[in-house]
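Chemist: pasting the sequence and the predicted model now:
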Amino acid sequence: MISYDDIRQLQQYPSDLDSLVLSLYVNINQSNAANLNRGFETAVSNLFRRMAENHNSENNEKNRFLAECENVLGFLKDYTPKGASVVIFSDSTRGFFWHRDLQVELATEGRFSSRPWLRPLLEVLEGHDRLGVVLIDKHRAKILTLDATGIEQLSEIESDVPNKHATTGSDHIMSQGQMERDHAKHIKWHAKRVADELASIVDRSKLSRIVICGPVEATTMFTGELSKQLQHKIVGTISIPLDASPDRLMSELRAVQERAELEDENRLVEAMITSAHKGDRAVLGISETLSAIQQGRIHCLVVARNYHAEGKECDSCHVLVSDGLERCSFCGGKLEAAPDLINRASHRVIEQAGKVQIVSGAAAEKLAEAGIGAILRF
Ligand SMILES: [Zn+2]
């Protein structure tokens, strides 16, 4: 589990002129043939070799890089793959080593820089909002959360629900009708109890999405016990027995989550296009988006998954532009080619504490003409 405290700690990593952190994302997914037989270690060694070749800097920095690589390779040698990716930050001159397993597949990539390289991690966490999951039947319940690092159980509840029918040999103090009413009352009481527990967990863990799982009768009764506010957070209901296998539960949850994310992306793009046409705190197209970055106005950069653009960066004031000028129109500096314009633009937005949302599916089609746009702070 990656907490917000973890991220804050990484974001506030004390960087000075002397600090150098090796950041590494490794695809370890064992369903990729290339990763079997510890193939992911080979992929990392190859990556480090390529990074070392690009390192034409002074010797001391290169030596530190090589030492850091060795440190990380030593860790990977004894590492048992537990998910789809692993993320590592290492700065042994400060005794700093941080790693987490991720259930989300990422490309094997690295950086050696003064701060931890967080963008892939942030993108994963933003794309996989923590999901609250309630598993409930007539007398049992579990409350879990699911995020990019996997599933975590937060609470387990078992309520005492008396039988609907008298068992042989028991004292028939209550009539059959009374017993059925008593049974129904306890089930409702159980649902209410779980609803209260969920309300406090949602509040504490700041969950924005909930999925309810269980037999239909129990999930219907439970949903009825939730406040309107919690009902609005429900993104799906899954009909599944409580003792279903974790694999089945996980795949059904992922399907619900994916659908909810696509719907969110779609809404985001629609809102952005509408606002941009009204000229109300949104822009569309590369050149307007770059000028909004220049002005530090971007709240959320929205990019269609396959969108690509080339442009230039001023070697003096570092403004990013998409036109074919030779000289910067802001400072007169020289403009250098920026073939990875969108990547650079994304970095700028994150540095300005904005968000980057990559959209796919129907949302990407809606954005196809502009390819890129942004929702602005002001
Ligand atoms: Zn300039």
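Modeler: Perfect, I can see it now.

Chemist: what ranges in the stretch 201-350 of the chain fall below the confidence cut-off?
Modeler: Scanning the stretch 201-350 of the chain for pLDDT under 70 picks out no residues.

Chemist: residues in it within reach of the ion, list them.
Modeler: Contact residues of the stretch 201-350 of the chain with respect to the ion, defined by C-beta under 5 Å from the ion, are listed as 314, 316-317, 319, 328, 330-331, 333. Any C-beta I mention is one placed from the backbone N, CA and C, and that applies to glycine too.

Chemist: all strands of the stretch 251-378 of the chain, in order?
Modeler: Here the stretch 251-378 of the chain has its strands, by DSSP state E, counting those that start in this stretch, at 282-284, 298-304, 311-314, 320-321, 335-338, 355-359, 372-376.

Chemist: one more: the stretch 1-150 of the chain?
Modeler: Listed in chain order, the strands found in the stretch 1-150 of the chain under DSSP E, counting those that start in this stretch are 21-27, 85-91, 96-102, 109-113, 131-136, 140-147, 150-158.

Chemist: right, and these - which one's nearest residue 347?
Modeler: Set against residue 347 and scored by C-beta to C-beta, the strands of the stretch 1-150 of the chain come closest in strand 109-113, at 11.2 Å.

Chemist: what lies in contact with the closest one?
Modeler: Defining contact as C-beta atoms under 8 Å, 6 or more residues apart in numbering, one finds that strand 109-113 is touched by 20-25, 44, 47-48, 51, 55, 65, 68, 117, 120.

Chemist: rerun at 7 Å
Modeler: Outside of strand 109-113, the residues that reach it under the criterion C-beta atoms under 7 Å, 6 or more residues apart in numbering are 20-25, 47, 51, 65, 117, 120.

Chemist: most neighbours, which of those residues?
Modeler: Of all those, residue 24 has the most neighbours under the rule other C-beta atoms under 10 Å, reaching 27 neighbours.

Chemist: shouldn't residue 99 be in contact with residue 83?
Modeler: No. With contact defined as C-beta atoms under 7 Å, residue 99 does not count as touching residue 83 (11.4 Å).

Chemist: quick check: residue 234 touching residue 207?
Modeler: No. Shown here, residue 234 and residue 207 do not form a contact pair, counting by C-beta under 7 Å, at 11.2 Å.

Chemist: these two: who's more crowded?
Modeler: With neighbours defined as other C-beta under 10 Å, residue 234 and residue 207 compare such that residue 207 has more, 19 against 16.

Chemist: count of residues packed around the residue nearest to the more buried one when sequence neighbours are not counted?
Modeler: What sits nearest to residue 207 in space, not counting adjacent residues and going by C-beta to C-beta, 6 or more residues apart in numbering, is residue 132, at 4.0 Å. A total of 23 residues lie near residue 132 under the criterion other C-beta under 10 Å.

Chemist: would you mind measuring from residue 132 to residue 303?
Modeler: When distances are taken as C-beta to C-beta, to the nearest Å, residue 132 and residue 303 turn out to be 29 Å apart.

Chemist: ok, now which ones touch the residue of the stretch 151-300 of the chain found nearest the ion?
Modeler: Minimum separation of the stretch 151-300 of the chain from the ion (C-beta to the ion) falls at residue 294, amounting to 9.9 Å. For residue 294, the contact set (C-beta under 7 Å, 6+ apart) comprises residue 319.

Chemist: buried stuff in the strand or helix carrying residue 196?
Modeler: Secondary structure assigned from DSSP states H and E places residue 196 in helix 176-205. By neighbour count, with 16 or more other C-beta atoms under 10 Å as the criterion, the buried positions of helix 176-205 are 179, 183, 186-187, 190-192, 194-195, 197-198, 201-202.

Chemist: now do it: distance to the chain's middle.
Modeler: Relative to the mean C-alpha coordinate of its chain, helix 176-205 is positioned 32 Å out (C-alpha atoms, centre = their mean, to the nearest Å).

Chemist: against which helices or strands is it packed?
Modeler: The helices and strands touching helix 176-205, judged by 3 or more C-beta pairs under 7 Å, 6 or more residues apart in numbering; DSSP states H and E, are strand 131-136, strand 140-147, strand 150-158, helix 216-225, helix 228-231.

Chemist: so for residue 278, which of the strands of the stretch 1-150 of the chain sits nearest?
Modeler: Taking C-beta to C-beta as the criterion, strand 131-136 is the member of the strands of the stretch 1-150 of the chain that comes nearest to residue 278, at 33.2 Å.

Chemist: how far is that closest one from where the chain is centred?
Modeler: A distance of 18 Å separates the centroid of the chain from that of strand 131-136, by C-alpha atoms, centre = their mean.

Chemist: given that strand, what are its sheet partners and their directions?
Modeler: For strand 131-136, the pairing partners within the sheet under DSSP bridges are strand 140-147 (antiparallel), strand 209-214 (parallel).

Chemist: for the shortest one, list the C-alpha coordinates in PDB.
Modeler: In other words, strand 209-214. What follows is strand 209-214 as a C-alpha-only set of coordinates in PDB (Å, rounded to 0.1, in the frame of the first residue of the first chain):
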ATOM      1  CA  ARG A 209     -15.500   5.400  -5.200                       C
ATOM      2  CA  ILE A 210     -17.200   2.400  -3.700                       C
ATOM      3  CA  VAL A 211     -18.100  -1.100  -5.100                       C
ATOM      4  CA  ILE A 212     -20.700  -3.300  -3.300                       C
ATOM      5  CA  CYS A 213     -20.300  -7.000  -3.700                       C
ATOM      6  CA  GLY A 214     -22.400  -9.900  -2.500                       C
END
